[in-house]
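**Student:** Show me how the following folds:
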Amino acid sequence: MTNESNDTPQHELDHENAERLAALLHVLAAAAEEDAPAVTIDTLDGYLHALLAGPAEAAPADAMDALFGEDWPAPLAEQEQLDAFMDALHLRWNEIGDSLAPEALLQDPEAMQLVPLITEFDETMKAELLSQGVLKPELLERLPAAGQMWVEGFMQAVQDHQADWYAFEAESEAGQMLDAMLMSVAAVALPEGEQRQAYIAEAYDADVTVDQHVLIDDALFSVQDLRLFWLQQAAANDDDGADEASS
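**Tutor:** The predicted model follows:
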């Protein structure tokens, strides 16, 4: 699990806690129904980022309920790991919250604050997974691109809370800004093909080389922008409410 941004983040990641959180998620994966969708540490991390960057009040357990169902604590409790998991989850939640603190985002908008948990299946990792028998050769081409699982978690949170996220008319200035930022995030998960190339052609200058890591960088900056966007919307709503109360 690595941060793939080319910009040096302003926050350090507690790698031991991230590994502990990932290991405890395996307990839930082992207890899940055979046909249940796989939920990785990347997916959870993306979901947590969306909750913290978005417009609604939320708690880390909201992500667990959405991704694993409301009975998710049971397998961890059976193995007396629930307290350890909650400690690891809350530590990660606080890390993300610190990286999205508005003071730092406003002070230096060009600085990368986020340190996402993004797994990249490089050649070394692929070889290790093959040697362990975890991965079959015929599945190599089906491994997700870097950032894809993280973005899928982020966008699932947006969809799960769409009544809060899509609070503007699509053609309004705020609606268009929101759409552009979310498209920048979603672009990371676009598969190779016509739609991806069309997005790149529209969003980037022709002389810019755009690879997966460029898309990830821009997505993370968009997440930081989303955090400020929603704070500004909340402040504007508070001002409108105060004006109505005084009139």
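**Student:** which stretches of the protein aren't confidently modelled?
**Tutor:** 1-10, 126, 129-130, 132-141, 239-247 (pLDDT under 70).
**Student:** Any figure for the gap between the residue most central in space within it and A170?
**Tutor:** Residue closest to the average C-alpha location in the chain (CA atoms, centre = their mean): G46, at 1.9 Å. Between G46 and A170 the computed distance is 24 Å (CB to CB, to the nearest Å). Where you see a C-beta, it was placed from the backbone N, CA and C, and this is true even at glycine.
**Student:** Ok, A66 next?
**Tutor:** 25 Å.
**Student:** Same check on E34?
**Tutor:** Using CB to CB, we find E34 at a distance of 40 Å from A170.
**Student:** more neighbours, these two?
**Tutor:** A170 (9 against 4; other CB atoms under 10 Å).
**Student:** D179 is in contact with that one, correct?
**Tutor:** Yes. Here A170 reaches D179: they are 7.0 Å apart, a contact under CB atoms under 8 Å.
**Student:** now the helices for the protein?
**Tutor:** Using DSSP state H, the helices found in the chain span residues 15-31, 41-53, 60-68, 73-78, 82-99, 102-107, 123-131, 148-160, 162-165, 173-186, 194-203, 212-246.
**Student:** what angle sits between the second one and helix 212-246?
**Tutor:** Angle of helix 41-53 versus helix 212-246, following axes from the mean of the first three to the mean of the last three CA atoms, to 10 degrees, is 30 degrees.
**Student:** okay, helix 41-53 in PDB with CA atoms only?
**Tutor:** The C-alpha coordinates for helix 41-53 follow below in PDB (Å, rounded to 0.1, in the frame of the first residue of the first chain):
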ATOM      1  CA  ILE A  41      -8.400  -1.700   2.300                       C
ATOM      2  CA  ASP A  42      -8.300   0.600  -0.800                       C
ATOM      3  CA  THR A  43     -12.100   0.500  -1.100                       C
ATOM      4  CA  LEU A  44     -12.600   1.300   2.600                       C
ATOM      5  CA  ASP A  45     -10.000   4.100   2.500                       C
ATOM      6  CA  GLY A  46     -11.700   5.700  -0.500                       C
ATOM      7  CA  TYR A  47     -15.000   5.500   1.200                       C
ATOM      8  CA  LEU A  48     -13.700   7.100   4.400                       C
ATOM      9  CA  HIS A  49     -12.100   9.900   2.400                       C
ATOM     10  CA  ALA A  50     -15.500  10.600   0.700                       C
ATOM     11  CA  LEU A  51     -17.300  10.700   4.100                       C
ATOM     12  CA  LEU A  52     -14.800  13.200   5.400                       C
ATOM     13  CA  ALA A  53     -14.600  15.400   2.300                       C
END
